[in-house]
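Novice: structure here, sequence nowhere to be found:
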């Protein structure tokens, strides 16, 4: 997005402000502040809003904010006295009043030039809001030394695990930001407020220990998620590692869901890419209409910020889902678009989540399967608590003709997040793996409940119909296919993502039946 005003060019995508084609040096926060004021130039922006959006609610002084505002003014050739571009409204805030003559969003480029000057290898949206979660030290209910050490070590492990998700801002009460454990700021002030609170307690009985955990929405006080875990202290380090992965793998999707519901209910006409991205979840909602709704939200997020990797990765994933079910008229155009967007996401971010999703999309659409598996392995090594990543890695192993390896990855995903719908999608993956291993009876038992919960997901129907056909139960195979047609007459399933010729051949009966049953 390029914005022109007063002889200046503000390029949001490249994070550059230029005068006469020469770049003007800006601190990162000064640049973000300028972009936010320009984008919201139709209104006065208050100090609290700027702190919330640019500093993610962290404590900063009025003097620090004034210093950054003055930095914006200096870069624009403005002054606090003249206020030609940045006007101060005493007691209210600030407003950009310049005449922006070219404010339309530019078309998405066919390529993205990576800006290596941005730390962490990721270009973040200048107006991205990051969800904040406070992890409290876990309590020791008995006060036993071994129990207390385990509880404290586990809570530290959760901090490490959650920080691997780049969209989360993670805090502990040890920092100078906190004077108490209630999630508010120093002295209870508004200067910082964590949106979510993760707390827990440990209770030991000889060599057994129970960990109880709660995720709390601070704004409402409601418990979003709670669980209890039992384990043996025979190997405390292994148990701590396993519990930390499982808790993080379960908590992160719950925060994402809560954030999405929060923004969905607000109907903000000035929604940021972050807010639009979260409203698009879950993209696995049943039915073509819901996927297209998510797709539209993600397209809008990318139009606002073409370098916003979270939206780019999920946009590619949405396009993939359309192809899986044949919910798109021009399939070849859709495939090209999906691959292009996935590559943009890879170029824009080194975050493990975005890399894993993008690699999965590229693997599905026929790109180098070995390279895709390598990227997925790297991503999961960096963030082993990413449950959806293990699911995607399992599916990619199925595409590569490796059902045994796929089973291990599906089981890991289930262990990380056993209660989410993702666990049931892993059940579909396990059923497909059993099918490709010619264990048709086992595949049927795994896939039968899947079509109950996902009545419009065509691939499980196709595999289930093929199972019955190979066992000689032709009428059952026909009934399964007919049921898909009654649930959704639009899917046109295919098997091109599966590289193994023998595996594609196994799917032929189900493909033939499901395609026939969904033909109007």
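Specialist: Structure received. Given the structure is predicted, the values throughout are model-derived calculations rather than measurements.
Novice: need the nearest residue in space to residue 509, chain neighbours excluded.
Specialist: residue 469 (3.6 Å; C-beta to C-beta, 6 or more residues apart in numbering). The C-beta positions use only the backbone N, C-alpha and C, and glycine is treated the same way.
Novice: quick check, the one you found in contact with residue 510.
Specialist: Yes: counting by C-beta atoms under 8 Å, residue 510 is a contact partner of residue 469 at 6.8 Å.
Novice: anything in contact with each of these two?
Specialist: residue 477 (C-beta atoms under 8 Å, 6 or more residues apart in numbering).
Novice: looking at the two, which is more packed in?
Specialist: residue 510 (29 against 22; other C-beta atoms under 10 Å).
Novice: quick check, that one in a helix?
Specialist: Yes: according to DSSP: H, G, I helix; E, B strand; the rest coil, the state of residue 510 is that of a helix.
Novice: wait, it touches residue 459, no?
Specialist: No: look at residue 510 against residue 459 with C-beta under 8 Å: they stay out of range, at 9.2 Å.
Novice: residues in contact with the residue nearest to residue 509?
Specialist: Residue 469 neighbours (C-beta under 8 Å, 6+ apart): 477, 509-510, 513.
Novice: centroid-nearest residue for the protein?
Specialist: Per C-alpha atoms, centre = their mean, the C-alpha nearest to the average position across the chain is that of residue 310, at 6.0 Å.
Novice: now that residue: how far from residue 457?
Specialist: To residue 457, residue 310 is 24 Å away according to C-beta to C-beta, to the nearest Å.
Novice: give me the below-cutoff pLDDT ranges for this protein.
Specialist: 1, 21, 57, 101-130, 174-193, 264-269, 282-286, 517-520 (pLDDT under 70).
Novice: in it, which spans are strands?
Specialist: Taking DSSP state E to define them, one finds strands in the chain at 2-5, 8-11, 16-19, 22-23, 86-89, 93-96, 131-135, 139-140, 168-171, 196-205, 208-217, 223-232.
Novice: quick one: the helices in the stretch 351-500 of the chain, in order.
Specialist: Taking DSSP state H, counting those that start in this stretch as the criterion, the stretch 351-500 of the chain contains helices spanning 352-364, 369-382, 387-399, 403-416, 421-436, 440-453, 458-470, 474-487.
Novice: ok, the residue lying closest to residue 324 once chain neighbours are set aside - contacts?
Specialist: Excluding the flanking residues, the one nearest residue 324 by C-beta to C-beta, 6+ apart is residue 459, at 6.3 Å. Residue 459 makes contacts with 324, 428, 432, 493, as judged by C-beta under 8 Å, 6+ apart.
Novice: now the helices: where do they sit in the stretch 1-150 of the chain?
Specialist: 28-39, 47-54, 62-76, 145-163.
Novice: with distance to residue 2 added, can I get the ones you listed in JSON lines?
Specialist: Output for the helices of the stretch 1-150 of the chain, formatted as JSON lines (distance: least, C-beta to C-beta, whole Å):
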{"stretch": "helix 28-39", "distance to residue 2": "11"}
{"stretch": "helix 47-54", "distance to residue 2": "21"}
{"stretch": "helix 62-76", "distance to residue 2": "16"}
{"stretch": "helix 145-163", "distance to residue 2": "34"}
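Novice: hey, which of those helices is tucked in deepest?
Specialist: helix 28-39 (a mean of 21; mean count of other C-beta atoms under 10 Å).
Novice: quick one: distance of that helix to the chain centre.
Specialist: 25 Å (C-alpha atoms, centre = their mean, to the nearest Å).
Novice: do stretch 10-30 as well
Specialist: 29 Å.
Novice: endpoints of that stretch, how far apart?
Specialist: Using C-alpha to C-alpha, to the nearest Å, one end of stretch 10-30 lies 13 Å from the other.
Novice: next, count neighbours for the residue nearest to residue 449 when sequence neighbours are not counted.
Specialist: Leaving out its chain neighbours, the residue that sits closest to residue 449 by C-beta to C-beta, 6+ apart is residue 427, at 7.0 Å. Neighbour count for residue 427, taken as other C-beta under 10 Å: 19.
Novice: who's in contact with residue 427?
Specialist: Here residue 427 is in contact with 414, 446-447, 449-450 (C-beta under 8 Å, 6+ apart).
Novice: over to residue 49?
Specialist: Residue 49 touches residue 93, counting by C-beta under 8 Å, 6+ apart.
Novice: let's have the strands of the chain in CSV, adding distance to residue 150 and mean neighbour count.
Specialist: Converted to CSV, the strands of the chain look like this (distance: least, C-beta to C-beta, whole Å; neighbours: other C-beta atoms under 10 Å):
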stretch, distance to residue 150, mean neighbour count
strand 2-5, 54, 18
strand 8-11, 51, 19
strand 16-19, 50, 17
strand 22-23, 53, 10
strand 86-89, 53, 16
strand 93-96, 48, 20
strand 131-135, 16, 24
strand 139-140, 8, 18
strand 168-171, 21, 20
strand 196-205, 6, 20
strand 208-217, 6, 19
strand 223-232, 10, 14
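Novice: out of the ones you listed, which is closest to residue 249?
Specialist: Each of the strands of the chain has some distance to residue 249 by C-beta to C-beta; the shortest is strand 223-232, at 11.4 Å.
Novice: can you list contacts of that closest one?
Specialist: By C-beta under 8 Å, 6+ apart, strand 223-232 touches 196, 207-217, 239, 242-243, 246-247, 250-251, 254-255, 258, 419.
Novice: rerun at 7 Å
Specialist: 207-217, 239, 243, 246, 250-251, 254, 258 (C-beta atoms under 7 Å, 6 or more residues apart in numbering).
Novice: how about stretch 477-487?
Specialist: Counting by C-beta under 7 Å, 6+ apart, residues outside stretch 477-487 touching it are 455-456, 458, 461, 464-465, 468-469, 491, 509, 513-514, 516-518.
Novice: ok, stretch 441-456 next?
Specialist: Contacts for stretch 441-456 (C-beta under 7 Å, 6+ apart): 286-287, 424, 427-428, 430-431, 434-435, 460-461, 463-464, 467, 487-488.
Novice: rerun at 8 Å
Specialist: Contact partners of stretch 441-456, identified using C-beta under 8 Å, 6+ apart, comprise 286-288, 325, 421, 424-425, 427-428, 430-432, 434-435, 457, 460-461, 463-464, 467-468, 471, 480, 483-484, 487-488, 491.
Novice: how about it: buried residues?
Specialist: Along stretch 441-456, these residues count as buried under the neighbour rule (16 or more other C-beta atoms under 10 Å): 442-444, 446-447, 450-451, 454-456.
Novice: make TSV out of these and add distance to residue 280.
Specialist: Supplementary listing: those in TSV, determined by distance: C-beta to C-beta, whole Å:
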residue	distance to residue 280
442	35
443	32
444	34
446	29
447	28
450	24
451	25
454	19
455	22
456	18
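Novice: between these, which is nearest residue 60?
Specialist: residue 454 (46.7 Å).
Novice: quick revisit: please identify which of the buried residues of stretch 441-456 is nearest to residue 381.
Specialist: residue 446 (28.4 Å).
Novice: gap between the nearest residue to the closest one once chain neighbours are set aside and residue 348?
Specialist: Leaving aside its sequence neighbours, residue 446 sits nearest to residue 431 (C-beta to C-beta, 6+ apart; 3.5 Å). Applying C-beta to C-beta, the value for residue 431 to residue 348 is 35 Å.
Novice: so which of the two has more stuff around it?
Specialist: residue 348 (28 against 25).
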